[in-house]
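[1] Structure for this input, please:
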Amino acid sequence: MLQAETTSRVDARIAAAQAAGAAPSLILGVVRDGRLAHVAAAGTAPAPDPDTQYRIGSISKTMTAALVLRLRDAGRLALDDPLEKHLPGTPVGAVTLRQLLGHASGLQREPDSDGWWERVDGPDLAGLVAGLTPEKLAHRPQTVYHYSNLAYGLLGGALERLTGASWWAQVRSGLLEPLGMTRTTYQATEPFARGYVVHPWNGTLREEPRTDTGAMAPAGQLWSTTADLARWAAFLADPDPAVLAPETLAEMCLPVIMSEPDTWAHGHGLGIELARSGDRVYAGHGGSMPGYVATISVHRPSRTGVVGYANCYGLREGHLGQLGVEILDLVLDADPPAPTEPWRPAGAAPDDVADLLGRWWWMGREYEVSWDGELVFAPPGRPAWRFTRAGADRWRCHTGQNDGEILTVRRDAAGRPDTVDIATFVFTRDPDRVE
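    Prediction:
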């Protein structure tokens with residue numbers, strides 16, 4: 001639960017943003033520990049509700065990316081496969097799936113279309129591929145960040161060719177149904193908010209078309225609710241292993257390319273946008289379609305996130321994605337989550353552990369080793385290294401700088417610990433001794 005003072009501040013900020021942004025309706029949900037902890041809403045066209053559908057736009061890309069990673073985990077593709085391997089016959093087939101996922105392929109942003117592709121019904125896959133030319137590669141791959149909706153249409157096509165099932169069928173059966181996201185749909189399903197462009201001078205509303213984008217659907221077709229998108233935010237923070245392995249979701253949140261290389265304030269992973277706010281990094285995505293904007297942003301370490309929508313094509317003042325980050329900062333600063341587990345006394349250390357505890361030294365620096373059910377190495381001023389047993393006098397680290405490395409205990413003739421070797425760094429009991 002959030003404190004009453006925190007929710008009041010969130011409510012006030014959303015009310016102010018709706019008024020200043022001239023949004024017919026604006027809604028934002030705060031997600032914590034896997035559930036929707038608070039909903040703030042403002043506006044009357046319609047009066048927003050957690051079960052009201054809005055269009056999520058490019059947040060659909062995060063689901064397309066999750067499908068690609070599921071197939072990778074199943075051994076059916078590799079991220080460095082060229083597109084040509086899974087979608088043959090395209091003149092841009094040399095770019096890799098990884099580059100397409102991370103907007104590092106160099107592909108132009110949009111497909112060819114008789115009008116803005118988001119406002120007209122889209123082609124089928126054959127039509128999308130037929131419109132490609134070599135000139136669609138605007139940049140040499142992996143040299144520059146260049147956001148590409150076209151890339152995700154092609155990824156969706158590769159998914160269909162590889163599995164024989166439509167992109168939507170894969171999203172529904174592989175992601176939505178297991179996560180209970182029953183109000184996330186391909187087309188709008190009542191109750192849903194109509195999407196508008198707000199006239200800049202007289203404040204009137206022009207309703208926008210609700211299109212079937214065809215082969216471009218993997219880039220931005222879907223509709224969802226605040227309650228359903230909160231389930232997706234909870235999944236991005238802490239995935240259900242039956243849907244996607246936690247280590248795979250963590251891989252999706254590693255940068256493929258920096259979109260702001262001078263500041264490292266924003267980057268792109270495997271279908272996931274990464275934004276730095278102070279010392280925190282948020283994972284998520286923005287979304288827009290004619291008449292709608294959407295946002296999802298998650299702080300994975302604390303399992304806290306925000307989801308939000310407005311049914312207008314952009315706020316008159318401000319930006320919905322920035323508003324989501326602002327609210328996430330507010331919640332984490334004012335209402336930090338409680339520790340996941342309370343401290344409990346540990347049992348007695350095993351005999352072969354008890355004589356490892358205490359002070360060790362490396363290059364004149366003191367390290368303290370303790371036991372709480374795991375072997376804990378505490379470097380000065382840095383996060384602890386935690387080890388689990390990997391054999392007799394062998395331990396595998398799973399946190400911090402030495403994650404994945406092996407600790408080996410070397411004993412003297414009497415069986416007492418003499419040195420500890422962590423990835424060739426040798427620790428001794430004597431600060432004057434160097435190995």
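[2] what sits up against stretch 88-95?
    82-84, 87, 105-107, 129, 132-134, 136-137, 141, 154 (C-beta atoms under 8 Å, 6 or more residues apart in numbering). Quick note: C-beta positions are derived from backbone N, CA and C, even for glycine.
[3] same question but for stretch 251-270, I mixed them up
    65-66, 68-69, 79, 98-99, 101-104, 142, 144-145, 147, 271-276, 283, 300.
[4] Select from the residues you listed every entry located in helices.
    65-66, 68-69, 98-99, 101 (DSSP state H).
[5] do you know how far Ala130 is from Gly89?
    Per C-beta to C-beta, to the nearest Å, Ala130 is found 9 Å from Gly89.
[6] and if you look at Leu249?
    For Leu249 relative to Gly89 (C-beta to C-beta), the value is 32 Å.
[7] So which of the two has more stuff around it?
    For Leu249 versus Gly89, neighbours defined as other C-beta atoms under 10 Å are more numerous around Leu249 (23 against 10).
[8] That one: helix or strand, and which one exactly?
    helix 246-252 (DSSP states H and E).
[9] Name the next helix or strand following that helix along the chain.
    strand 257-258.
[10] May I have the strands that pair with that following strand, each with its orientation?
    strand 266-268 (antiparallel) (DSSP bridges).
[11] Just the buried positions in the strand it pairs with, please.
    Judged by neighbour count using 16 or more other C-beta atoms under 10 Å, the buried positions of strand 266-268 are 267-268.
[12] Please apply the same query to stretch 209-218.
    So for stretch 209-218, counting by 16+ other C-beta under 10 Å, buried means 210-211, 213-218.
[13] and if you look at stretch 348-361?
    For stretch 348-361, using 16+ other C-beta under 10 Å, the buried residues are 349, 353, 356, 360-361.
[14] what comes into contact with it?
    366-371, 375, 377, 392-393, 409, 416-417, 420, 427-431, 433.
[15] Stretch 388-402 now?
    352, 374-375, 377, 379, 382-387, 403-411, 422-423.
[16] Run through the chain and note the low-pLDDT ranges.
    Low-confidence segments of the chain (pLDDT under 70): 340.
[17] care to break the chain down by domain?
    Following automatic domain parsing, the chain resolves into domains at 4-334, 351-428.
[18] Just the terminal-to-terminal distance for the first one.
    One end of domain 4-334 sits 11 Å from the other (C-alpha to C-alpha, to the nearest Å).
[19] ok, now the last one?
    End-to-end distance of domain 351-428: 19 Å, with C-alpha to C-alpha as the criterion.
[20] And the strands in the stretch 301-435 of the chain, which stretches?
    Listed in chain order, the strands of the stretch 301-435 of the chain (DSSP state E, counting those that start in this stretch) span residues 304-310, 358-362, 365-371, 375-378, 385-391, 394-397, 406-411, 417-422, 425-428.
[21] winner for burial among the ones you listed?
    Comparing the strands of the stretch 301-435 of the chain by mean neighbour count (mean count of other C-beta atoms under 10 Å), strand 304-310 ranks first with a mean of 30.
[22] name the helices or strands packed onto it?
    Secondary structure elements in contact with strand 304-310, counted by 3 or more C-beta pairs under 8 Å, 6 or more residues apart in numbering; DSSP states H and E, are strand 25-32, helix 226-237, strand 292-299, helix 320-334.
[23] Now do that strand against strand 292-299, angle only.
    Strand 304-310 runs at 180 degrees relative to strand 292-299, counting by axes from the mean of the first three to the mean of the last three C-alpha atoms, to 10 degrees.
[24] how about strand 304-310 as CSV, C-alpha atoms only?
    Output in CSV follows, covering the C-alpha atoms of strand 304-310 (Å, rounded to 0.1, in the frame of the first residue of the first chain):
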residue,chain,number,x,y,z
THR,A,304,7.4,-0.4,-8.7
GLY,A,305,6.0,1.0,-11.9
VAL,A,306,3.5,3.3,-13.5
VAL,A,307,1.2,2.9,-16.5
GLY,A,308,-0.8,5.7,-18.0
TYR,A,309,-3.0,6.9,-20.9
ALA,A,310,-4.6,9.9,-22.4
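[25] How far off centre is that strand?
    13 Å (C-alpha atoms, centre = their mean, to the nearest Å).
[26] So in that sheet, which strands flank it, and in what orientation?
    As assigned by DSSP bridges, strand 304-310 forms pairs with strand 25-32 (antiparallel), strand 292-299 (antiparallel).
[27] closest one to Ser113 among those?
    strand 292-299 (19.0 Å; C-beta to C-beta).
[28] For the closest one, buried residues please.
    Under the neighbour-count criterion of 16+ other C-beta under 10 Å, strand 292-299 has 292-299 buried.
[29] same check, this time on stretch 197-207
    198, 205.
[30] What is the end-to-end distance of it?
    7 Å.
[31] and Ala158, that's in a strand?
    No: per DSSP: H, G, I helix; E, B strand; the rest coil, Ala158 lies outside any strand segment and is helix.
[32] burial of it, as a residue count?
    26.
[33] Need the helices and strands packed on strand 304-310 in TSV (columns: distance to Pro178).
    Formatted as TSV, the helices and strands packed on strand 304-310 follow (distance: least, C-beta to C-beta, whole Å):
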stretch	distance to Pro178
strand 25-32	18
helix 226-237	10
strand 292-299	18
helix 320-334	26
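[34] So which of these is nearest Gly195?
    With C-beta to C-beta as the criterion, Gly195 lies closest to strand 292-299 of the helices and strands packed on strand 304-310, at 4.6 Å.
[35] picking that back up, let's have the strands of the stretch 301-435 of the chain in a markdown table, adding distance to Thr226.
    Shown next, in a markdown table, are the strands of the stretch 301-435 of the chain (distance: least, C-beta to C-beta, whole Å):
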| stretch | distance to Thr226 |
| --- | --- |
| strand 304-310 | 6 |
| strand 358-362 | 51 |
| strand 365-371 | 44 |
| strand 375-378 | 41 |
| strand 385-391 | 37 |
| strand 394-397 | 40 |
| strand 406-411 | 46 |
| strand 417-422 | 47 |
| strand 425-428 | 50 |
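[36] What's the local residue count around Gly404?
    9.
[37] which residues does it contact?
    Applying C-beta under 8 Å, 6+ apart, the residues contacting Gly404 are 396-398.
[38] what's the spacing between it and Phe427?
    18 Å.
[39] swap in Val420?
    4 Å.
[40] Equivalent analysis for Ser148, please.
    On the measure of C-beta to C-beta, Ser148 and Phe427 end up 49 Å apart.
[41] now swap in Val129 and tell me
    In terms of C-beta to C-beta, Val129 sits 59 Å off from Phe427.
[42] what residues does whichever helix or strand Leu162 is part of touch?
    In the assignment (DSSP H and E), Leu162 maps to helix 149-163. Helix 149-163 is contacted from outside by 58, 60-61, 64-65, 67-68, 71, 76-77, 83, 86-87, 90, 92, 97, 100-101, 103, 105, 107-111, 117, 125, 128-129, 136, 166-167, 170, 215-220, using C-beta under 8 Å, 6+ apart.
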